[in-house]
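Enquirer: have a look; sequence and predicted model below, questions after that.
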Amino acid sequence: MRYVVWFEELSKEDVSLVGGKAANLGELTSKTDVPVPPGFAITAEAYKRFIDHNKLGEKIATLLKNLDVNDTDELNNVSSEIRTLIEGGEFPSDLQDEIVKNYRTLGEKIGMERPYVAVRSSATAEDLPGASFAGQQDTYLDVQGEENLLNAVKKAFSSLFTPRAIFYREEKGFEHLKAVSYTHLR
């Protein structure tokens with residue numbers, strides 16, 4: 001099971017592994033005439049591992065059960081509770097080690113000890129026929145350093161549960177826990 005995949009290892013066939021944005025960055029990376037900064041994706045499997053490690057699936061499902069997404073206060077409160085749970089979670093050591101190792105490798109590739117990165121989040125259910133989840137998850141820019149990176153990844157994971165993302169999935173009939181988050185850095 002892979003938790004981190006570099007753009008050059010990806011193609012448009014890898015949407016279920018890393019989502020459409022990162023898969024397309026992989027496609028672009030293979031084109032010699034298109035400049036794409038080096039980067040990597042943290043896979044949907046990494047997100048699942050994080051959620052399972054922290055035993056959050058059932059807690060999230062319970063918070064979402066019977067949620068009235070048309071009650072703005074309730075929606076905001078549930079979103080905040082879920083995001084707090086995720087951001088308060090801990091990375092399994094093997095996952096944390098792999099993310100940090102690849103961040104260091106990225107630094108070596110670009111000649112910078114603590115590179116600045118953009119941490120972008122999305123969901124594997126994005127951009128399906130009849131639904132577009134664009135802009136519903138958060139992006140963190142100018143993230144530097146390992147601790148800041150790990151915190152930004154947790155925030156990116158939690159952004160799967162912004163009020164607007166919860167509302168949209170509910171309106172479109174998507175299961176909340178089947179819309180899996182992935183994150184990519186560049």
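Expert: Good, I have the coordinates. This is a predicted model, so every value here is computed, not measured.

Enquirer: switch to C-alpha atoms for all contacts and neighbour counts from now on
Expert: Noted.

Enquirer: could you pull up the mean pLDDT of the helix or strand encompassing Lys21?
Expert: Lys21 is located in helix 15-29, with elements delineated by DSSP states H and E. Across helix 15-29, pLDDT averages out at 86.

Enquirer: report the next helix or strand after that helix in sequence order.
Expert: strand 40-42.

Enquirer: packing partners of the next helix or strand after that following strand?
Expert: Proceeding N to C from strand 40-42, the next assigned helix or strand is helix 44-53, under DSSP H and E. Applying 3 or more CA pairs under 8 Å, 6 or more residues apart in numbering; DSSP states H and E, one finds that helix 44-53 makes contact with helix 15-29, strand 181-185.

Enquirer: where does pLDDT dip in this protein?
Expert: Of all residues in the chain, those with pLDDT under 70 make up the ranges 32, 122-136, 177-186.

Enquirer: which stretches in it count as helices?
Expert: 15-29, 44-53, 57-64, 72-87, 93-110, 146-158, 163-172 (DSSP state H).

Enquirer: show me what the fifth one is packed up against.
Expert: Translated: helix 93-110. strand 4-6, helix 146-158.

Enquirer: would CSV of the ones you listed with distance to Ala22 be doable?
Expert: Converted to CSV, the helices and strands packed on helix 93-110 look like this (distance: least, CA to CA, whole Å):
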stretch, distance to Ala22
strand 4-6, 9
helix 146-158, 14
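
Enquirer: would a markdown table of the ones you listed with distance to Arg164 and mean neighbour count be doable?
Expert: Compiled in a markdown table, these are given as follows (distance: least, CA to CA, whole Å; neighbours: other CA atoms under 10 Å):
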| stretch | distance to Arg164 | mean neighbour count |
| --- | --- | --- |
| strand 4-6 | 28 | 20 |
| helix 146-158 | 13 | 21 |
